[in-house]
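Q: Next one to model:
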Amino acid sequence: MLVSEIEVVTPATLKECLTMIANEDMNTRLIAGGTDAVVRMKEGKWRPSTWVNIKGLRELRYIIEKDGAIHIGPLTTHTDIIKSSLLQKKANVLVEASREVGAIQMQNVGTIGGNIGTASPAGDTLPALYVLNTVLELSTRNSKRIVPIEEFFTGPGRTILKKNEMITNIIVQPHGENEIGIFQKLGPRKAQSISIVNVAISLLMEKDRQVLSGKIAFGSVAPTIIRAKKCESILTLHPLTDEMIQNVAKVAWKEVMPITDVRATAEYRRDMASSLLERGLYRLMRRWENK
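A: Numbering: from 1, shown residues only. I've put the predicted structure just below:
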(Lines give C-alpha, C1' and ligand atoms only; values in the text may rest on other atoms or scores of the structure.)
Protein backbone atom coordinates (compact mmCIF):
# COMPACT_ATOMS: atom_id res chain seq x y z
CA MET A 1 0.00 0.00 0.00
CA LEU A 2 1.37 3.39 -0.98
CA VAL A 3 1.29 6.26 1.50
CA SER A 4 -0.72 8.27 -1.04
CA GLU A 5 -3.46 5.64 -0.86
CA ILE A 6 -4.03 6.20 2.86
CA GLU A 7 -6.63 8.63 4.11
CA VAL A 8 -5.82 10.88 7.06
CA VAL A 9 -8.59 12.51 9.07
CA THR A 10 -8.08 15.07 11.84
CA PRO A 11 -10.77 15.32 14.52
CA ALA A 12 -11.17 18.69 16.23
CA THR A 13 -12.23 17.25 19.60
CA LEU A 14 -11.91 14.08 21.64
CA LYS A 15 -15.63 13.46 21.22
CA GLU A 16 -15.28 13.63 17.45
CA CYS A 17 -12.31 11.26 17.59
CA LEU A 18 -14.21 8.68 19.64
CA THR A 19 -17.06 8.87 17.14
CA MET A 20 -14.66 8.20 14.27
CA ILE A 21 -13.07 5.11 15.81
CA ALA A 22 -16.52 3.79 16.75
CA ASN A 23 -17.45 3.64 13.05
CA GLU A 24 -17.54 -0.06 12.16
CA ASP A 25 -17.15 0.75 8.45
CA MET A 26 -13.77 2.42 8.95
CA ASN A 27 -10.46 0.58 9.45
CA THR A 28 -8.75 3.20 11.59
CA ARG A 29 -5.59 3.65 13.61
CA LEU A 30 -4.63 6.59 15.79
CA ILE A 31 -1.48 8.57 15.08
CA ALA A 32 0.10 11.36 17.12
CA GLY A 33 3.90 11.58 17.17
CA GLY A 34 4.12 8.92 14.45
CA THR A 35 7.62 7.78 15.50
CA ASP A 36 6.71 4.11 14.96
CA ALA A 37 4.16 4.44 12.16
CA VAL A 38 6.44 4.40 9.09
CA VAL A 39 8.53 1.52 10.47
CA ARG A 40 5.46 -0.58 11.25
CA MET A 41 3.91 0.15 7.85
CA LYS A 42 7.08 -0.98 6.07
CA GLU A 43 6.95 -4.17 8.14
CA GLY A 44 3.36 -4.66 6.98
CA LYS A 45 2.04 -4.64 10.54
CA TRP A 46 0.05 -1.40 10.48
CA ARG A 47 -2.05 -0.97 7.34
CA PRO A 48 -5.21 0.97 8.25
CA SER A 49 -7.28 2.50 5.49
CA THR A 50 -7.64 5.65 7.60
CA TRP A 51 -5.21 7.28 10.02
CA VAL A 52 -6.88 9.38 12.69
CA ASN A 53 -4.48 12.25 13.43
CA ILE A 54 -4.94 13.23 17.10
CA LYS A 55 -1.79 15.31 17.49
CA GLY A 56 -3.78 18.55 17.80
CA LEU A 57 -6.12 17.42 20.59
CA ARG A 58 -4.80 19.73 23.30
CA GLU A 59 -7.30 18.31 25.80
CA LEU A 60 -5.18 15.15 25.88
CA ARG A 61 -1.89 16.89 26.66
CA TYR A 62 -1.46 17.70 30.36
CA ILE A 63 0.35 16.85 33.58
CA ILE A 64 -1.67 17.65 36.70
CA GLU A 65 -1.91 16.50 40.31
CA LYS A 66 -5.39 15.62 41.51
CA ASP A 67 -6.72 13.65 44.49
CA GLY A 68 -3.29 12.38 45.49
CA ALA A 69 -2.37 11.08 42.02
CA ILE A 70 -0.62 12.50 38.97
CA HIS A 71 -2.69 12.53 35.77
CA ILE A 72 -0.84 12.55 32.44
CA GLY A 73 -2.56 13.05 29.10
CA PRO A 74 -1.70 10.47 26.43
CA LEU A 75 -0.50 13.20 24.03
CA THR A 76 2.04 14.46 26.57
CA THR A 77 5.45 14.27 24.91
CA HIS A 78 8.58 12.86 26.46
CA THR A 79 10.01 16.37 26.47
CA ASP A 80 6.96 17.56 28.44
CA ILE A 81 7.66 14.85 31.00
CA ILE A 82 11.37 15.66 31.21
CA LYS A 83 10.64 19.34 31.84
CA SER A 84 7.81 18.78 34.35
CA SER A 85 8.79 20.03 37.81
CA LEU A 86 5.93 17.97 39.29
CA LEU A 87 7.25 14.73 37.84
CA GLN A 88 10.86 15.63 38.66
CA LYS A 89 9.83 15.97 42.30
CA LYS A 90 7.31 13.15 42.68
CA ALA A 91 7.91 10.61 39.88
CA ASN A 92 11.49 11.08 38.79
CA VAL A 93 11.81 7.47 37.59
CA LEU A 94 9.48 8.38 34.72
CA VAL A 95 11.53 11.49 33.93
CA GLU A 96 14.69 9.37 33.77
CA ALA A 97 12.98 6.87 31.46
CA SER A 98 11.74 9.62 29.11
CA ARG A 99 15.29 10.98 28.84
CA GLU A 100 16.31 7.63 27.36
CA VAL A 101 13.65 7.55 24.62
CA GLY A 102 15.90 8.02 21.61
CA ALA A 103 17.29 11.35 20.43
CA ILE A 104 15.92 14.76 21.39
CA GLN A 105 13.95 14.97 18.14
CA MET A 106 12.08 11.81 19.07
CA GLN A 107 11.47 13.06 22.61
CA ASN A 108 9.95 16.24 21.18
CA VAL A 109 7.33 14.44 19.07
CA GLY A 110 6.91 11.03 20.69
CA THR A 111 4.08 10.72 23.21
CA ILE A 112 3.66 8.63 26.33
CA GLY A 113 0.33 7.36 25.02
CA GLY A 114 2.06 6.17 21.88
CA ASN A 115 4.76 4.42 23.90
CA ILE A 116 2.05 2.56 25.79
CA GLY A 117 -0.17 1.86 22.79
CA THR A 118 2.66 0.43 20.69
CA ALA A 119 3.05 -2.23 23.42
CA SER A 120 6.69 -2.96 22.71
CA PRO A 121 8.35 -4.95 25.52
CA ALA A 122 11.32 -2.61 24.96
CA GLY A 123 9.32 0.59 25.55
CA ASP A 124 11.39 2.71 27.92
CA THR A 125 8.60 4.43 29.83
CA LEU A 126 6.73 1.19 30.52
CA PRO A 127 8.86 -0.24 33.38
CA ALA A 128 8.73 3.19 35.06
CA LEU A 129 4.94 3.22 34.76
CA TYR A 130 4.80 -0.26 36.26
CA VAL A 131 6.71 0.73 39.42
CA LEU A 132 4.52 3.84 39.77
CA ASN A 133 1.40 1.62 40.06
CA THR A 134 -0.09 3.21 36.96
CA VAL A 135 -3.67 2.75 35.86
CA LEU A 136 -5.05 3.66 32.44
CA GLU A 137 -8.36 5.26 31.58
CA LEU A 138 -9.75 3.71 28.39
CA SER A 139 -12.63 5.54 26.76
CA THR A 140 -15.22 4.89 24.09
CA ARG A 141 -17.89 7.25 22.81
CA ASN A 142 -20.26 6.03 25.55
CA SER A 143 -18.18 4.64 28.40
CA LYS A 144 -14.91 4.58 30.35
CA ARG A 145 -13.04 1.91 32.23
CA ILE A 146 -9.95 1.91 34.47
CA VAL A 147 -7.33 -0.80 33.91
CA PRO A 148 -4.05 -1.41 35.81
CA ILE A 149 -1.18 -1.13 33.36
CA GLU A 150 -0.04 -4.67 34.17
CA GLU A 151 -3.35 -5.97 32.76
CA PHE A 152 -3.20 -3.84 29.62
CA PHE A 153 -0.56 -5.78 27.66
CA THR A 154 -1.15 -9.30 26.33
CA GLY A 155 2.02 -9.75 24.28
CA PRO A 156 4.44 -7.92 21.96
CA GLY A 157 2.39 -5.29 20.14
CA ARG A 158 -0.85 -6.59 21.67
CA THR A 159 -3.17 -5.05 24.27
CA ILE A 160 -6.71 -5.40 25.59
CA LEU A 161 -7.67 -2.14 23.84
CA LYS A 162 -10.83 -2.54 21.78
CA LYS A 163 -11.22 -1.04 18.31
CA ASN A 164 -13.54 1.70 19.58
CA GLU A 165 -11.38 2.55 22.62
CA MET A 166 -8.45 4.86 23.19
CA ILE A 167 -6.27 5.81 26.15
CA THR A 168 -7.55 9.10 27.56
CA ASN A 169 -5.74 9.37 30.90
CA ILE A 170 -2.62 7.88 32.50
CA ILE A 171 -2.77 7.97 36.30
CA VAL A 172 0.41 7.37 38.31
CA GLN A 173 0.96 7.20 42.05
CA PRO A 174 3.63 9.70 43.15
CA HIS A 175 6.57 8.69 45.27
CA GLY A 176 6.22 9.29 48.98
CA GLU A 177 8.70 11.19 51.13
CA ASN A 178 10.95 8.17 51.73
CA GLU A 179 10.47 6.58 48.33
CA ILE A 180 13.12 6.80 45.61
CA GLY A 181 13.25 5.47 42.06
CA ILE A 182 15.66 5.01 39.19
CA PHE A 183 15.71 3.86 35.56
CA GLN A 184 18.54 1.99 33.83
CA LYS A 185 18.88 1.11 30.15
CA LEU A 186 21.22 -0.81 27.91
CA GLY A 187 20.96 0.03 24.21
CA PRO A 188 23.18 -0.11 21.13
CA ARG A 189 23.71 3.65 21.19
CA LYS A 190 22.24 6.75 22.79
CA ALA A 191 20.27 7.90 19.74
CA GLN A 192 18.56 4.53 19.22
CA SER A 193 15.39 4.05 21.23
CA ILE A 194 15.22 0.25 21.21
CA SER A 195 16.50 -1.15 24.50
CA ILE A 196 18.35 -4.45 24.74
CA VAL A 197 17.38 -4.49 28.42
CA ASN A 198 15.88 -1.84 30.69
CA VAL A 199 14.80 -1.74 34.32
CA ALA A 200 12.94 0.60 36.66
CA ILE A 201 13.30 0.36 40.42
CA SER A 202 11.31 2.02 43.20
CA LEU A 203 12.19 1.58 46.88
CA LEU A 204 10.44 2.70 50.06
CA MET A 205 13.27 3.15 52.56
CA GLU A 206 13.82 3.90 56.23
CA LYS A 207 16.91 4.59 58.30
CA ASP A 208 19.86 2.18 58.21
CA ARG A 209 19.10 1.42 54.52
CA GLN A 210 16.21 -0.89 55.37
CA VAL A 211 13.86 -1.43 52.43
CA LEU A 212 10.22 -1.49 53.54
CA SER A 213 8.96 -2.34 50.06
CA GLY A 214 10.39 -2.46 46.57
CA LYS A 215 9.15 -2.60 43.00
CA ILE A 216 11.30 -3.77 40.09
CA ALA A 217 10.14 -3.93 36.47
CA PHE A 218 12.21 -5.20 33.54
CA GLY A 219 11.71 -4.52 29.84
CA SER A 220 13.02 -6.52 26.83
CA VAL A 221 13.34 -9.73 28.84
CA ALA A 222 9.89 -11.26 28.25
CA PRO A 223 6.89 -10.88 25.88
CA THR A 224 5.69 -8.00 28.08
CA ILE A 225 7.16 -5.93 30.88
CA ILE A 226 7.59 -8.11 33.99
CA ARG A 227 7.71 -7.36 37.69
CA ALA A 228 10.59 -9.17 39.39
CA LYS A 229 8.54 -10.36 42.36
CA LYS A 230 11.20 -12.69 43.78
CA CYS A 231 13.76 -9.88 43.78
CA GLU A 232 11.25 -7.54 45.39
CA SER A 233 10.54 -9.94 48.24
CA ILE A 234 14.25 -10.49 48.99
CA LEU A 235 14.90 -6.73 49.20
CA THR A 236 12.87 -6.41 52.40
CA LEU A 237 14.68 -9.17 54.32
CA HIS A 238 17.82 -7.24 55.26
CA PRO A 239 19.25 -3.71 54.95
CA LEU A 240 20.58 -2.71 51.54
CA THR A 241 24.22 -3.80 51.74
CA ASP A 242 26.75 -4.87 49.12
CA GLU A 243 25.97 -8.52 49.84
CA MET A 244 22.21 -7.96 49.60
CA ILE A 245 22.51 -6.12 46.28
CA GLN A 246 24.66 -8.85 44.77
CA ASN A 247 22.27 -11.57 45.95
CA VAL A 248 19.27 -9.78 44.46
CA ALA A 249 21.13 -9.38 41.16
CA LYS A 250 21.78 -13.13 41.05
CA VAL A 251 18.08 -13.84 41.57
CA ALA A 252 17.24 -11.47 38.71
CA TRP A 253 19.39 -13.55 36.35
CA LYS A 254 17.07 -16.51 36.99
CA GLU A 255 13.82 -14.54 37.11
CA VAL A 256 13.90 -12.87 33.68
CA MET A 257 12.79 -14.80 30.59
CA PRO A 258 14.54 -13.27 27.55
CA ILE A 259 14.78 -14.55 24.01
CA THR A 260 17.57 -14.41 21.45
CA ASP A 261 17.00 -12.01 18.56
CA VAL A 262 19.02 -9.84 16.17
CA ARG A 263 19.93 -7.41 18.96
CA ALA A 264 21.17 -9.81 21.66
CA THR A 265 21.25 -13.41 22.85
CA ALA A 266 19.09 -14.59 25.72
CA GLU A 267 22.16 -15.27 27.88
CA TYR A 268 23.54 -11.78 27.25
CA ARG A 269 20.19 -10.26 28.21
CA ARG A 270 20.17 -12.27 31.45
CA ASP A 271 23.66 -11.06 32.29
CA MET A 272 22.77 -7.46 31.50
CA ALA A 273 19.49 -7.58 33.43
CA SER A 274 21.41 -8.74 36.49
CA SER A 275 24.10 -6.11 35.96
CA LEU A 276 21.64 -3.25 35.39
CA LEU A 277 19.70 -4.13 38.53
CA GLU A 278 22.88 -4.29 40.58
CA ARG A 279 24.05 -0.94 39.21
CA GLY A 280 20.65 0.63 39.83
CA LEU A 281 20.48 -0.57 43.43
CA TYR A 282 23.95 0.83 44.12
CA ARG A 283 22.88 4.18 42.65
CA LEU A 284 19.76 4.18 44.84
CA MET A 285 21.80 3.30 47.93
CA ARG A 286 24.10 6.27 47.31
CA ARG A 287 21.14 8.52 46.56
CA TRP A 288 19.48 7.51 49.85
CA GLU A 289 22.65 8.19 51.83
CA ASN A 290 22.89 11.68 50.29
CA LYS A 291 19.19 12.42 50.80
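Q: Give the buried residues for stretch 65-76.
A: Within stretch 65-76, the residues that qualify as buried are 69-76, counting by 16 or more other C-beta atoms under 10 Å. For glycine as for every other residue, the C-beta is placed from the backbone atoms N, C-alpha and C.
Q: Can you redo those as CSV, where the extra columns are distance to residue 63 and secondary structure?
A: Formatted as CSV, the buried residues of stretch 65-76 follow (distance: C-beta to C-beta, whole Å; DSSP: H, G, I helix; E, B strand; the rest coil):
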residue, distance to residue 63, secondary structure
69, 12, strand
70, 7, strand
71, 7, strand
72, 5, strand
73, 7, coil
74, 12, coil
75, 11, coil
76, 6, coil
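Q: okay, the residues you listed in JSON lines with distance to residue 137 and pLDDT next?
A: Shown next, in JSON lines, are those (distance: C-beta to C-beta, whole Å; pLDDT from 0 to 100):
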{"residue": "69", "distance to residue 137": "11", "pLDDT": "98"}
{"residue": "70", "distance to residue 137": "13", "pLDDT": "98"}
{"residue": "71", "distance to residue 137": "9", "pLDDT": "98"}
{"residue": "72", "distance to residue 137": "11", "pLDDT": "98"}
{"residue": "73", "distance to residue 137": "10", "pLDDT": "98"}
{"residue": "74", "distance to residue 137": "9", "pLDDT": "98"}
{"residue": "75", "distance to residue 137": "14", "pLDDT": "97"}
{"residue": "76", "distance to residue 137": "14", "pLDDT": "98"}
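Q: and those, which two are the farthest apart?
A: Comparing all pairs in those by C-beta to C-beta, the longest separation belongs to 69 and 75, at 18.7 Å.
Q: separation between residue 77 and residue 138?
A: Distance of residue 77 to residue 138, given as C-beta to C-beta, to the nearest Å: 21 Å.
Q: What sits closest to residue 245 if chain neighbours are left out?
A: residue 281 (4.5 Å; C-beta to C-beta, 6 or more residues apart in numbering).
Q: same deal with residue 36?
A: Distances taken as C-beta to C-beta, 6+ apart place residue 118 nearest to residue 36, at 5.3 Å, with adjacent residues excluded.
Q: so the one you found makes contact with residue 37?
A: No: the criterion here is C-beta atoms under 8 Å, and residue 118 misses it with residue 37 at 9.6 Å.
Q: re the thing from before, the residue nearest to residue 245: helix or strand, and which one exactly?
A: According to DSSP states H and E, residue 281 maps onto helix 266-289.
Q: quick one: the nearest residue to residue 172 once chain neighbours are set aside and residue 239, what's the gap?
A: Closest residue to residue 172 apart from its sequence neighbours, by C-beta to C-beta, 6+ apart: residue 132 at 4.1 Å. With distances taken as C-beta to C-beta, residue 132 is found 24 Å from residue 239.
Q: Next: residue 11.
A: 54 Å.
Q: quick one: which of those two has more around it?
A: Between residue 11 and residue 239, residue 11 has the larger neighbour count (other C-beta atoms under 10 Å), namely 18 against 14.
Q: Look at the more buried one and report its pLDDT.
A: Note for residue 11: predicted pLDDT of 95.
Q: just residue 261 next, same as before
A: Residue 261 is given a pLDDT of 80.
Q: just the one 5 residues further on next, same as before
A: At residue 266, the predicted lDDT confidence score is 89.
Q: Would you enumerate the residues in contact with it?
A: Each residue near residue 266 by C-beta atoms under 8 Å, 6 or more residues apart in numbering is listed here: 258-260.
Q: how close does it get to residue 221?
A: Counting by C-beta to C-beta - residue 266 and residue 221 are separated by 9 Å.
Q: Report the set of residues contacting both of those two.
A: residue 258.
Q: who's in contact with the host helix or strand of residue 87?
A: Following DSSP H and E, one finds residue 87 within helix 85-90. Outside helix 85-90, the residues that touch it by C-beta under 8 Å, 6+ apart are 63-65, 70, 81, 94-95, 174-175.
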